[in-house]
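>>> Need coordinates for the below:
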Amino acid sequence: MNKNQKNRYLAVCLAAFTAAGIPVRAAESDAVTAVSAGGKNETLYTMCATATYGTTAVWQYKKRRLLAIGCGVMILLTAFSRNFLGVHAPQDVLVGFIETSLIICAAGFIQKKLEGNSSLADKLTVCGILVPIGVLVYILLKSCPMDYVDGVLLVDPQKMMNDTFTGAARSMTLSLGFSFSQT
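Numbers count the residues shown, from 1 in each chain. Next up is the predicted model:
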């Protein structure tokens, strides 16, 4: 594998893992879910499996087809296990799979477009840092509604802010990691 192929693989892995929220905190239970504003979203196990096995499958498809097929089977087994154990609904698992698959495709496409174009890569890195900063300024200045139903707060503004800060940090890390992988 030459240096460009290795950099592309690492950048796509970084994008997929960052989006999937890896590493998963050890304190979370077996039914690990992405929780934003107090609601249950897609399963992180399926997202992590898709990021790991999906990126490897795409990378090795032409050279080691059997390995790529094995990775696809592992993604399906992980998705099935989340449903079989009853910790996630099928639509949660499907959304996690689709989201991470789209991120892998987008990261690979962007990586191919940016090869040899350091000016465009630098602009993308700057945008990848400035946009999350803008989102953080917005979330800090935005007033959040404090709606209660049956005495329970619908959306916890503090939890939403924490999730936003985490996402912004991941986005900036992705941008910087991509920039460093190009040097």
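>>> Assumed F180 was part of a strand.
No. Applying DSSP: H, G, I helix; E, B strand; the rest coil, one finds F180 to be helix, outside a strand.
>>> burial measure for it, as a count.
13 (other CB atoms under 10 Å). All C-beta spots, glycine's among them, are computed from the backbone N, C-alpha and C.
>>> again with A107
A107: 22 neighbours (other CB under 10 Å).
>>> what's the helix or strand for it?
Secondary structure assignment for A107, by DSSP states H and E: helix 90-114.
>>> what does whichever helix or strand comes after that helix contact?
Moving toward the C-terminus from helix 90-114, the next helix or strand (DSSP H and E) is helix 118-141. Applying CB atoms under 8 Å, 6 or more residues apart in numbering, the contact partners of helix 118-141 are 110, 113-114, 160-161, 164-165, 167-169, 171-172, 174-176, 178-179, 182.
>>> Would you mind checking those residues for buried ones?
110, 114, 160-161, 164, 167-168, 171-172, 174-175, 178-179, 182 (16 or more other CB atoms under 10 Å).
>>> which of these sit farthest apart?
M160 and Q182 (33.6 Å; CB to CB).
>>> Make a markdown table out of the buried ones among the contacts of helix 118-141 and add pLDDT.
Output for these, formatted as a markdown table (pLDDT from 0 to 100):
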| residue | pLDDT |
| --- | --- |
| I110 | 80 |
| L114 | 79 |
| M160 | 80 |
| M161 | 83 |
| T164 | 83 |
| G167 | 81 |
| A168 | 86 |
| S171 | 82 |
| M172 | 87 |
| L174 | 79 |
| S175 | 81 |
| F178 | 73 |
| S179 | 76 |
| Q182 | 65 |
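>>> Show me where this structure dips below the pLDDT cut-off.
Counting by pLDDT under 70, the ranges of the chain that qualify are 1-43, 182-183.
>>> This completes my enquiry, with thanks.
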